[in-house]
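[1] Need coordinates for the following:
(2 chains)
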Amino acid sequence: MKNKLSAAARREENWGWIMVAPTIIGLSILNLWPFVQTIYTSFCEHLGFGHYRFIGLKNYVDMFSNTEFWKATWNTVFFCILTVPVGVALALLVAILLNAKVKFKDGFRTIFFLPLVCAPAAVAMVWRWIFNGEYGILNQILGQNIQWITSSKTAIIAVAIVSVWSSIGYDAVLLLAGLQNIPKTLYEANSIDGAGKVRQFFTITLPMVSPTMFSVLIMRLMASMKVYDLIYMMADNTNPALGDLQSLMYLFYRSSFIAGDRGYGSAIVIWTVGLILLVTLIQFWGQKKWVTYDI
Amino acid sequence: MKSTNSLHRSYAMAKFFTYFFLILGALIMIFPFVWMILTSSKTVPESMQIPPTILPEQWTLANFRDVLKSLPFGHLYWNTTLMVIFRVICAILFSSMAGYAFAKLKFRGKNLLFGIVLVQMSLPSQIFIIPQYQMVAKMGMANTIFALVFPGLVSAFGVFFLRQTYMSIPDEVGEAAYLDGCNQWQTFYKVMFPLTGTSVAALTIFTAVFAYGDLMWPQVVNSDVKMMTLSAGLATLKGQFATNFPVMMAGSLLAMLPMVILYLIFQRQFVEGIAGTGGK
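    Sure, this is the predicted structure:
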């Protein structure tokens, strides 16, 4: 009796399989199998035209003894350090300002969100012009002569500024939703106690919005670890600061598709995924210290 | 008496700073777009003038003419539109079916199969790119619209997102339809699917914005400039016009325009749709 399904249950099961079939077949071909292949390819030498020869750990040995690779790893981590804390903090500020009783709230929201619907390639192109060392408007305003994009000290900072500018509206909208979920009664009870606005922020707002902040942080971190398009657009092959600017994903693109060394490229992408996993795990472990899930 | 006065003053101060920072922020957000439009209407010598002019001394359309000559924008618009439309159709169709099945139907292997969805969702797309490219190349489909759509044929994110939507619809709705004589498929597409309009709209916007902005995949798979998307085509300009920024600004403006217009028309749906999907 237990193993025998009723006719209706069997029909339901068949429909279930039929309805998930396109997705599962698609994911298997497009993602699951490629995932396995990439791991395998990272242990291979690409002989051209999609032919591979197994070479064991050589790609990884080459990679770990390559200074360009370590530089790219550091650039990626440094890019996260530059973009994530500042980006999330500014987004929280914007969210708090938008959460106050302001006129044209929707208008402000629309403006802050605008970069998100613009292709990063186009956005980066505009910022290249603003940052241009000779004729860029930023130097004109500052009265400086900084070679933003071509000097090794400032190039990554310039890209980080563009990245924060692009994502602030999106993060702010998510944080705003988190702020609006805080019950008003909490503030009312607190203000009877005579607590000031600043203390309210630290005792109510911040703990209550911390779960949203955590998910925004994780998302921003993952996106920054994978940064590619902004760097591709801002850095040319002739850029003297390329070594101090290129991220792991940019190095992956160059190795795999410009140099055609797909085995080495696969090793880089596996390393990057491992790094993302590690950073995410650290965040999940660290959240216990500052994220409040119930108050 | 004095304390209410200072309370009023601090309230006014708070209000002033709120507007001050919001307006300052909004100006910083808007400025690059304004500067792009102004530069695209200047002549090249004028764009390099020091000190710079704010408004063009003489408005010109020459840059747009030049960029249209060096990039086949007609093709780029067409390719991007087709890619976005096909990806959106696939995402809605397959993800709705699977999302419904995972949320409402009982079948063996459900958890294992949903595990596949979760694995794909948590891995960055770059890890699939080399093998995906090799498949496209082996099929002889490089430089086609199919190649652009290929990685978006199924959407693990879409399945995950719509599953949550279907889970929020009470089981009684489906049961009532079932008792009325609908089979599972009819229950799905006549009764349940029409209830998910908001989520489907959100998924549509999310899929479209993401596909439109993606750079690496179209660069890898379509090297023929006539088969490129707006993003990939635009990227070729930076090599061609090293210092001719007015032309590059004209190109950027043309590349941004379609999505920005859609955004300005459907502001609320865009913001709530993309934020509602909670991931990118």
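
[2] Can you report how many residues neighbour residue B:85?
    By other Cβ atoms under 10 Å in any protein chain shown, the residues close to residue B:85 number 14. (Glycine included, C-beta is placed from N, CA and C.)

[3] dump the residue contacts of it.
    By Cβ atoms under 8 Å, 6 or more residues apart in numbering or on different chains, residue B:85 lies in contact with nothing.

[4] Might you calculate how far the helix or strand hosting residue A:185 sits from the centre of the chain?
    Per DSSP states H and E: residue A:185 is located in helix A:184-192. Distance, stretch centre to chain centre, for helix A:184-192: 36 Å (Cα atoms, centre = their mean, to the nearest Å).

[5] and the next element down the chain from it?
    Toward the C-terminus, helix A:184-192 is succeeded by helix A:197-200 as the next helix or strand (DSSP H and E).

[6] neighbouring contacts of the helix or strand following that following helix?
    Later in the chain than helix A:197-200, the nearest helix or strand by DSSP H and E is helix A:206-225. Contacts to helix A:206-225, defined as Cβ under 8 Å, 6+ apart, come from residues A:76, A:79-80, A:83-84, A:87-88, A:91-92, A:163, A:167, A:171, A:174-175, A:177-179, A:181-182, A:186, A:248, A:272, A:275-276, A:279-280, A:283, A:287, A:290-293, A:295, B:124, B:278-280.

[7] try stretch B:33-43
    With contact meaning Cβ under 8 Å, 6+ apart, stretch B:33-43 is reached by A:114, A:126, A:129-130, A:137, B:47, B:53-64, B:245-246, B:249-250, B:252-253.

[8] Kindly report the same for stretch B:75-83.
    B:145, B:148-149, B:152, B:211-212, B:218, B:222, B:225-231, B:233, B:255, B:258.

[9] List the buried residues in the least confident helix or strand in chain A by mean pLDDT.
    Among the helices and strands of chain A, helix A:184-192 carries the lowest confidence by mean pLDDT, DSSP states H and E, at a mean of 75. For helix A:184-192, a neighbour-count test (16 or more other Cβ atoms under 10 Å in any protein chain shown) marks nothing as buried.

[10] just the angle between it and helix A:206-225, please?
    Angle, helix A:184-192 to helix A:206-225, by axes from the mean of the first three to the mean of the last three Cα atoms, to 10 degrees: 120 degrees.

[11] May I have helix A:184-192 exported as PDB, CA atoms only?
    Extracted in PDB, the C-alpha atoms of helix A:184-192 (Å, rounded to 0.1, in the frame of the first residue of the first chain):
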ATOM      1  CA  LYS A 184       7.000  52.900  14.700                       C
ATOM      2  CA  THR A 185       5.900  51.900  18.300                       C
ATOM      3  CA  LEU A 186       9.500  51.100  19.100                       C
ATOM      4  CA  TYR A 187      10.500  54.700  18.500                       C
ATOM      5  CA  GLU A 188       7.500  56.000  20.400                       C
ATOM      6  CA  ALA A 189       8.300  53.900  23.500                       C
ATOM      7  CA  ASN A 190      11.900  54.900  23.300                       C
ATOM      8  CA  SER A 191      11.200  58.700  23.000                       C
ATOM      9  CA  ILE A 192       9.100  58.600  26.100                       C
END
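
[12] helices or strands up against the longest helix seen in chain A?
    The residue-count maximum for a helix in chain A (DSSP state H) belongs to helix A:67-99. Applying 3 or more Cβ pairs under 8 Å, 6 or more residues apart in numbering or on different chains; DSSP states H and E, one finds that helix A:67-99 contacts helix A:105-113, helix A:155-180, helix A:206-225, helix A:248-253, helix A:262-290, helix B:2-40.

[13] before we move on, back to that, just list what the least confident helix or strand of chain A packs against, helices and strands only.
    Packing contacts for helix A:184-192, counted by 3+ Cβ pairs under 8 Å, 6+ apart, involve helix A:197-200.

[14] that older thread, what about burial for the contacts of stretch B:33-43, which qualify?
    If you count burial by 16+ other Cβ under 10 Å, the buried members of those come out as A:114, A:126, A:129-130, A:137, B:47, B:56, B:60, B:63-64, B:245-246, B:249-250, B:252-253.

[15] Among those, which ones are in helices?
    Using DSSP H, the subset of the buried ones among the contacts of stretch B:33-43 located in helices is A:126, A:129-130, A:137, B:47, B:63-64, B:245-246, B:249-250, B:252-253.
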